[in-house]
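[1] got a predicted model here, sequence first, then my questions.
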Amino acid sequence: MRFLVMVKANADSEAGIGPSAEELATMARFNDQLHAEGRIVFAEGLTPSSEGARVLFEGHAEPKVIDGPFAETKELIAGVWLLNGESLEDVVEVMKRAPCFDAPRGVLEIRPIDE
């Protein structure tokens, strides 16, 4: 099975403040472990929502485009992994090993891909 793991945004990621060189090295080591285990399909960080857009579909009207930034930081995503796993529980256990740079409260959301 495949799973999408979403790293929730925070004030720093929305301000364009990325991880330090040390944090990037730690994440690279973690991603290397996932690769060695045959789990990782890809992993990417995202730019702040100020660089994005949303397309709203409302009824039969022409779609509406809303440029970022978006207000609700807690609902935004700062990065993603696409992983292979045996079950949700399996991927949860794997992601409990992920480095968390948003102490004391980082959030990962894990969702199975409907295949």
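    Right, received. Where do you want to start?

[2] C-terminal to the helix or strand bottoming out on mean pLDDT in the chain, what's the next element?
    When each helix and strand of the chain is scored by mean pLDDT, DSSP states H and E, helix 11-14 comes last, with a mean of 90. Later in the chain than helix 11-14, the nearest helix or strand by DSSP states H and E is helix 21-36.

[3] what is the subsequent helix or strand relative to that next one?
    Following helix 21-36 in sequence order, the next helix or strand is strand 40-45 (DSSP H and E).

[4] what's next to the helix or strand following that following strand, contact-wise?
    Later in the chain than strand 40-45, the nearest helix or strand by DSSP H and E is strand 53-56. Contact with strand 53-56 is made by 63-68, 70, as judged by CB atoms under 8 Å, 6 or more residues apart in numbering. Where you see a C-beta, it was placed from the backbone N, CA and C, and this is true even at glycine.
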